[in-house]
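A.B. asks: just coords:
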């Protein structure tokens, strides 16, 4: 059985999950995130692709290399096109092999327990995209500026109406999606606007999407690169997808089940 996009159906026992983990000079939080993923995903974890920005410090690179040596499922690759988080995510997606792809940051701001809730939704076989939502009951923000909070709220209300979706957090980069989508959609975002692109394009294409509650907590070390002015890149990306749609080419070896 396949859905509107022709994505192959399979039993949840066959889940092989690839994780894309962009890194920009994080150290201790990388270890914490990787350990959490190993514990939660267990045997379902196929690989963790750590995409390291060439601007990362030596300490951060050493941590990533150390993790790669500790687990054969972890591999580190240097980001080839830079700067920008979007390029890192895109390169990570292209390198994945799993039938599901989890996108999570390495700075410790994303709630690890959310991954369990994502898996519960994916297990039902009813969804192609599961998005973490800070706006649902049980989710929330801690340490978020009032200005960004207000702008984020307005963005969600406007664009969820325009995209005709019940998903109420369109700007969060924390999500689990089918591998065919991650590798088959033509992504364009160069910086943090990749976060809304990777939700909006699947929805625009007709992917079955849902959300689960998630708590966001501001990082305790390092500095966020997602500045106020980059908010306008989200708006530009959203309107481009709304007006032009999205391009999807099923990766080789995929398609409707017989």
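C.D. replies: Ah, there it is. Since the model is a prediction, treat every value here as computed from it, not as a measurement.

A.B. asks: This structure: strands as residue ranges?
C.D. replies: Here the chain has its strands, by DSSP state E, at 17-23, 45-52, 74-78, 100-103, 129-133, 140-142, 175-178, 209-213, 215-217.

A.B. asks: low-scoring stretches of this structure, by residue?
C.D. replies: 1-3, 220-230, 253-258 (pLDDT under 70).

A.B. asks: At the geometric centre of it, which residue sits there?
C.D. replies: residue 103 (2.9 Å; C-alpha atoms, centre = their mean).

A.B. asks: Excluding residues flanking it in the chain, which one is nearest residue 77?
C.D. replies: residue 51 (5.9 Å; C-beta to C-beta, 6 or more residues apart in numbering). All C-beta atoms are positioned from the backbone trio N, CA, C, and that covers glycine.

A.B. asks: Quick check, residue 217 in contact with residue 142.
C.D. replies: Yes: Residue 217 is within contact range of residue 142, at 4.4 Å (criterion: C-beta atoms under 8 Å).

A.B. asks: Would you mind telling me which of those two has more residues around it?
C.D. replies: residue 217 (14 against 10; other C-beta atoms under 10 Å).

A.B. asks: Please report how far the more buried one lies from residue 82.
C.D. replies: 27 Å (C-beta to C-beta, to the nearest Å).

A.B. asks: Could you do residue 173 as well?
C.D. replies: With the distance defined as C-beta to C-beta, residue 173 ends up 17 Å from residue 82.

A.B. asks: Compare those two (neighbour count), which wins?
C.D. replies: residue 173 (23 against 15).

A.B. asks: Assess the claim that that one and residue 107 are in contact.
C.D. replies: No: distance between residue 173 and residue 107: 11.0 Å, which falls outside the contact criterion (C-beta under 8 Å).

A.B. asks: buried ones in the helix ranked longest in the chain?
C.D. replies: Longest helix of the chain, by residue count under DSSP state H: helix 146-162. In terms of neighbour count (16 or more other C-beta atoms under 10 Å), helix 146-162 has its buried residues at 151, 152, 155, 156, 159, 160.

A.B. asks: gap between the closest residue to residue 87 other than its chain neighbours and residue 175?
C.D. replies: Leaving aside its sequence neighbours, residue 87 sits nearest to residue 81 (C-beta to C-beta, 6+ apart; 4.3 Å). Applying C-beta to C-beta, one obtains 22 Å for the distance of residue 81 from residue 175.
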